[in-house]
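Q: Pasting a predicted model and its sequence here:
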Amino acid sequence: MIEAKNLTKRYGDKVAVKDLSFTVGPGKVTGFLGPNGAGKSTTMRLLLGLDHPDRGTATIDGRRYRELTTPLAVVGALLEAKAVHPGRTAYNHLLCLAQSQGIGKKRVYEVLDLVGLREVAHKRAGGFSLGMGQRLGLAAALLGDPAVLVLDEPVNGLDPEGILWVRTFMRQLAAEGRTVFVSSHLMNEMAVTAEHLIIIGRGSLIADCPTQEFIERGKKQTVLVRSPNADELAEAIARAGGTVTRSDDGELSVEDLDATRIGEIASAGGHVLHEVVPQRGTLEEAFMALTRESVEYAGTGSTRDADAPKPGGDAQ
């Protein structure tokens, strides 16, 4: 289990993490999301003892990271996959880590097999692609067979097959009862991987809830309706309390009534229905809606703003 209590971290005048508290439990993949500059990386560094909080505590299985006598056997971490001496082979990199924790050579080959790097075990890491570097970082995180995993952007640089493999593997690890805490900018990937979400903005907690609950919270549910009697049906739906928006091609988008009620209204009025489809929100839509006020750097989306600063001007 991972627990953060009232974590606060400043860098000069900037507050990177502000009074942040959450718990990450075992048995499920927990996604860690937030806009750029939200404090995700700082939080992970605080959890792993790479930075010290100005206030609050960060513990793994009830202990601070520095109190762990064999940390690799308790928590496996992937923060920066390229943090490898480029002249070392994948095998030697892992062997060095293993020997520091009393882990045998057999386990080195086991994790190389797990991440698909056995064939390049004796090639220098400096020649690895970004995706291969990610796999080596995952191998290092798994080296001590830990009960807790902290992974920062683990699918970065992987091809679709690799992404599917990481997704399946993380869910398998969670199913074994491990605590899996993973950050990512890939919303679609988090939507199908993470069962629970912790979302922060400007260093503070925004949401801590199941993924589906967060998606439903972020967007009002609508129902798409197609009918050759669209005008009459729209009036009937409005009289029943629904909010109707018409598209250019005659589709109706209905809020405030569910699909079952719309079907009953159509049947009572003798209106033909071609389609009635509840529209589900996406994680991306919910994330954008609920973090809009927490984005540190936001573009206007326009290149023709006459009042925009000229290149070389003050961008702060």
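A: Nice, thanks for sending it over. Keep in mind that this is a model prediction, so the values were computed, not measured. Residues are numbered from 1 along each chain as shown.
Q: just for the stretch 101-250 of the chain, where's the confidence low?
A: 218-219 (pLDDT under 70).
Q: please redo it, this time with the cut-off set to 80
A: In the predicted model of the stretch 101-250 of the chain, residues 157, 217-221, 248 satisfy pLDDT under 80.
Q: Which residue ranges of it form strands?
A: 148-152, 179-183, 196-201, 204-210, 222-226, 243-246 (DSSP state E, counting those that start in this stretch).
Q: from those strands, which stretch is densest packed?
A: strand 179-183 (a mean of 25; mean count of other CB atoms under 10 Å). All C-beta spots, glycine's among them, are computed from the backbone N, C-alpha and C.
Q: Hmm, Gln101 is touching Thr70, no?
A: Yes. Counting by CB atoms under 8 Å, Gln101 does reach Thr70; the two are 5.3 Å apart.
Q: Quickly list what's touching both of these two.
A: Both Gln101 and Thr70 are contacted by Gly144, under the criterion CB atoms under 8 Å, 6 or more residues apart in numbering.
Q: Redo the strands of the stretch 101-250 of the chain as JSON lines? Include distance to Thr282.
A: Below are the strands of the stretch 101-250 of the chain laid out as JSON lines (distance: least, CB to CB, whole Å):
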{"stretch": "strand 148-152", "distance to Thr282": "23"}
{"stretch": "strand 179-183", "distance to Thr282": "19"}
{"stretch": "strand 196-201", "distance to Thr282": "13"}
{"stretch": "strand 204-210", "distance to Thr282": "15"}
{"stretch": "strand 222-226", "distance to Thr282": "13"}
{"stretch": "strand 243-246", "distance to Thr282": "19"}
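Q: These: which one's closest to Leu252?
A: Closest to Leu252 of the strands of the stretch 101-250 of the chain is strand 222-226 (CB to CB; 4.1 Å).
Q: Adjacent strands (with direction) for that closest one?
A: In the sheet containing strand 222-226, the strands it pairs with under DSSP bridges are strand 252-255 (antiparallel), strand 275-279 (antiparallel).
Q: any idea which of the ones you listed is most buried?
A: Burial of the strands paired with strand 222-226 is given as mean neighbour count (mean count of other CB under 10 Å); strand 252-255 ranks first at a mean of 19.
Q: Alright, calling it a day.
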